[in-house]
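Visitor: this is a predicted model, with the sequence first.
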Amino acid sequence: MALTQRLEFRQSQSLVMTPQLMQAIKLLQLSNLDLSAFVEEELERNPLLERESDGPEAPVAGEAAAGQAERAEGDFDDGFSGDGAEAGGEGFEPPQEEWMNRDLGSRTEIEQTLDTPLDNVFSEEPAEAAARSAQDAAPTTYTEWGGGASNDDGYNLEAFAAAEVTLAGHLAEQLAVAFSAPAQRMIGQYLIDLVDEAGYVPADLGQAAERLGTSQQEVEAVLSVLQKFDPPGVCARSLSECLAIQLRDLDRYDPAMQALVENLELLAKRDIAALRKLCGVDDEDITDMIGEIRRLDPKPGLKFGSARTQTVVPDVYVRPGPDGGWHVELNSETLPRVLVNQSYYSQLSKTIRKDGDKSYFSDCLQNATWLVRALDQRARTILKVATEIVRQQDGFFTHGVAHLRPLNLKAVADAIQMHESTVSRVTANKYMATNRGIFELKYFFTASIASADGGEAHSAEAVRHHIKQLIDAEDPALILSDDTIVERLRATGIDIARRTVAKYREAMRIPSSVQRRRDKQSMLGNALSSSASSSDRSKDPQPA
């Protein structure tokens, strides 16, 4: 067989990852906040992109004022024009000359009518009284307070809000009073900069002493003064030290309380017998001491300048429909509204002569068009995936978590004829507002657990909910072990292993059966002691 060279034309299809396609894929997995930031950057970079106007432009101030004047003039003419004003009527006041010509009587008669001397009524001249009342009157507009525009749009309520006091600023104010030596102030300021948001400093201060070029004893001496600052417990190196500082401030740091603070791990395990033995007190005293510990603040720094929590803004709303189904709609507030300015591009294309400028604006037009299409496709894809999720999890929206069905990405992808990776990107960082709260879209995708009787499988989230219900309803005298929970779940048709129950329990931060028994017995003992003390107080004879 001879080897020869020849040219052939073949037609084939292939997917090429163009920059526009990569941008569309990137937009799918962005949250609404990240998407808004991305669109803002594109608006600054691309001159052919513009933000869609939210509404009609506001009227000019002069035109608005003229309109108000015309309306006021029209109201005045309608109320007082015609024969009705001349004929008089109810509430009609006579002309000024009519009541001014009336005989009011002598000074004595006037004072008897007013029931007060005339000096009290007319203590000042009219001009002086008007000037004084004008000075005493409170400002009625933002302009009179000083600064700002005359219209309502210039009013900024945040201009009157006080700045938030931070923990570092609060400690720095006390530092300026506590120390006079510059070296100690420098050490104190360095330690204040190390304080975290909870109010703690690092446990090892050797590195701080090395950086400051001083001894560790000097750093600890300054730290002991900082630990006396407000709020009590600040600048502690551990939880035990934080609680000890607060107890010293309350004058309650006796040897028994010191032993309790130094053995907090026993308190966390609810080993009351060991604590009672270490502290050398009886049951009533150890209960009171534990109550005092619980009233302390383990994180005193959170009172000042804590980080603000960003509220979750849902991307999709699910509302009950009139036909008994569910209505799914996108949250328009999270969708950026941008347009391509075609008229501006047509004007530029007529005046541009350089090839470089023409290619630049052609690229801008292409990128702007692709961005608008990508945003539209992103919104359609989110709505399509959310609608399929609602259809698959109809039992959850109707009856609750116990009816949540097992669901995976492949089931949704096959139903809407998309790839699993696309569904995964759409459900990332997206939230759905329902009649049962706000949930992330990934919440509805749960693993399946087989049924004990061979029926329909159960979702992992529904099984976790069932486990939590069993533990919440357990009797304090009969705590359920993991094996007992497995038996009860199998009795309801859920086939699950013991290690799976333990894994779900730990994921929900529910302690073991031994720890729950200690907790509930401790709570029961506190309730019985408080009820006994209240009954003893009620039996005490009242003093005569």
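Guide: Received it, and whenever you're ready, just let me know what you need. Numbering: from 1, shown residues only.
Visitor: which stretches of this structure aren't confidently modelled?
Guide: Counting by pLDDT under 70, the chain shows low-confidence ranges at 1, 15-17, 53-163, 305-310, 522-544.
Visitor: centre-most residue in it?
Guide: Thr311 (3.5 Å; CA atoms, centre = their mean).
Visitor: so which helix or strand takes in that residue?
Guide: Under the criterion DSSP states H and E, no helix or strand holds Thr311.
Visitor: roughly how far apart are it and Asn32?
Guide: Distance, Thr311 to Asn32, by CB to CB, to the nearest Å: 12 Å. Every C-beta, even on glycine, is put in place using the N, C-alpha and C of the backbone.
Visitor: buried set for stretch 190-208?
Guide: Applying a neighbour-count criterion of 16 or more other CB atoms under 10 Å, the buried positions in stretch 190-208 are 191-192, 195, 198-201, 205, 208.
Visitor: stretch 416-426 too?
Guide: By neighbour count, and taking 16+ other CB under 10 Å as the criterion, the buried residues in stretch 416-426 are 418, 422-426.
Visitor: same check, this time on stretch 442-455
Guide: For stretch 442-455, burial by neighbour count (16+ other CB under 10 Å) applies to 443-446, 449.
Visitor: likewise for stretch 491-500?
Guide: Taking 16+ other CB under 10 Å as the criterion, stretch 491-500 shows 494-496, 500 as buried.
Visitor: now for the nearest residue to Arg252 once chain neighbours are set aside: which residues touch it?
Guide: Once flanking residues are discounted, Arg252 sits nearest to Glu292: 6.4 Å by CB to CB, 6 or more residues apart in numbering. When the contact criterion is CB atoms under 8 Å, 6 or more residues apart in numbering, the partners of Glu292 are 247, 252, 257.
Visitor: which of the residues in the helix or strand hosting Glu292 are buried?
Guide: Applying DSSP H and E as the criterion places Glu292 in helix 283-294. Residues 286-287, 289-290, 293 are the ones in helix 283-294 that count as buried (16+ other CB under 10 Å).
Visitor: pretty sure Val222 is touching Met186, no?
Guide: No. With contact defined as CB atoms under 8 Å, Val222 does not reach Met186; the gap is 9.4 Å.
Visitor: between the two, which is the more surrounded one?
Guide: Val222 (26 against 14; other CB atoms under 10 Å).
Visitor: follow-up on the earlier one: among the buried residues of stretch 416-426, which one lies nearest to Lys277?
Guide: Ranked by distance to Lys277 (CB to CB), those are led by Ser424 at 55.9 Å.
Visitor: correct me, but the closest one touches Val412?
Guide: No. In this structure Ser424 lies outside contact range of Val412 using CB under 8 Å: 9.8 Å.
Visitor: hey, where'd the helices end up in the stretch 401-544 of the chain?
Guide: Under the criterion DSSP state H, counting those that start in this stretch, helices of the stretch 401-544 of the chain are mapped to 409-416, 420-427, 460-472, 482-491, 498-507, 513-539.
Visitor: the ones you listed into a markdown table, with extra columns for distance to Gln347?
Guide: Formatted as a markdown table, the helices of the stretch 401-544 of the chain follow (distance: least, CB to CB, whole Å):
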| stretch | distance to Gln347 |
| --- | --- |
| helix 409-416 | 42 |
| helix 420-427 | 38 |
| helix 460-472 | 57 |
| helix 482-491 | 71 |
| helix 498-507 | 61 |
| helix 513-539 | 74 |
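Visitor: between these, which gets nearest to Thr18?
Guide: Closest to Thr18 of the helices of the stretch 401-544 of the chain is helix 420-427 (CB to CB; 16.9 Å).
Visitor: can you give the distance of that closest one from its chain's centre?
Guide: 27 Å (CA atoms, centre = their mean, to the nearest Å).
Visitor: quick check: angle from it to helix 409-416?
Guide: Taking axes from the mean of the first three to the mean of the last three CA atoms, to 10 degrees, one finds that helix 420-427 is oriented at 100 degrees with respect to helix 409-416.
Visitor: from the contact counts, what lies against helix 420-427?
Guide: With contacts defined as 3 or more CB pairs under 8 Å, 6 or more residues apart in numbering; DSSP states H and E, the secondary structure elements packing on helix 420-427 are helix 19-28, helix 355-392, helix 409-416.
Visitor: contacts for that helix next, please.
Guide: Residues external to helix 420-427 that are found in contact with it (CB under 8 Å, 6+ apart): 25, 28-29, 381-382, 385, 409-410, 412-413, 416, 440-442, 445.
Visitor: give me the ChimeraX select line for these, limited to the buried ones.
Guide: The following ChimeraX selection, which keeps only the buried ones among the contacts of helix 420-427, applies the criterion 16+ other CB under 10 Å:
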select :28,29,381,382,385,409,412,413,440,441,445
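Visitor: the residue nearest to the centre of the chain and Asn341: what is the separation?
Guide: 34 Å.
Visitor: cool, Val261 as well?
Guide: Shown here: Val261 relative to Asn341, a distance of 68 Å by CB to CB.
Visitor: Phe38 now?
Guide: Computed as CB to CB, the Phe38 to Asn341 distance reads 19 Å.
Visitor: show the contacting residues for the closest residue to Val426 other than its chain neighbours.
Guide: For Val426, ignoring the flanking residues on the chain, the nearest one in space by CB to CB, 6+ apart is Val385 at 4.7 Å. Taking CB under 8 Å, 6+ apart as the contact definition, Val385 lies against 412, 416, 418, 423, 426-427, 441.
Visitor: of all those, which comes closest to Val316?
Guide: Leu441 (7.8 Å).
Visitor: report the buried residues of stretch 210-223.
Guide: For stretch 210-223, using 16+ other CB under 10 Å, the buried residues are 212, 214, 219, 222-223.
Visitor: contact partners of it?
Guide: Identification of contacts with stretch 210-223 by CB under 8 Å, 6+ apart yields 179, 183-184, 186-188, 190-191, 201, 205-206, 208-209, 235.
Visitor: quick check: the farthest pair among these?
Guide: Phe179 and Gly206 (21.7 Å).
Visitor: about what we covered before: which of Val261 and Asn341 has more neighbours?
Guide: The residue with more neighbours, out of Val261 and Asn341, is Val261; 21 against 17, by other CB under 10 Å.
Visitor: phi first, then psi, for that one.
Guide: Geometry field for Val261 lists phi and psi as phi -70, psi -30, criterion degrees, to the nearest 10.
Visitor: what about it, distance to Glu456?
Guide: Plainly put, Val261 is 54 Å away from Glu456 if you go by CB to CB.
Visitor: then Arg248?
Guide: 62 Å.
Visitor: just the strands in the protein please.
Guide: With DSSP state E applied, the chain shows strands at 49-51, 316-320, 326-330, 338-340, 431-434, 437-440, 448-449, 458-459, listed in chain order.
Visitor: other SSEs contacting the last one?
Guide: Counting by 3+ CB pairs under 8 Å, 6+ apart, the packing neighbours recorded for strand 458-459 are strand 448-449.
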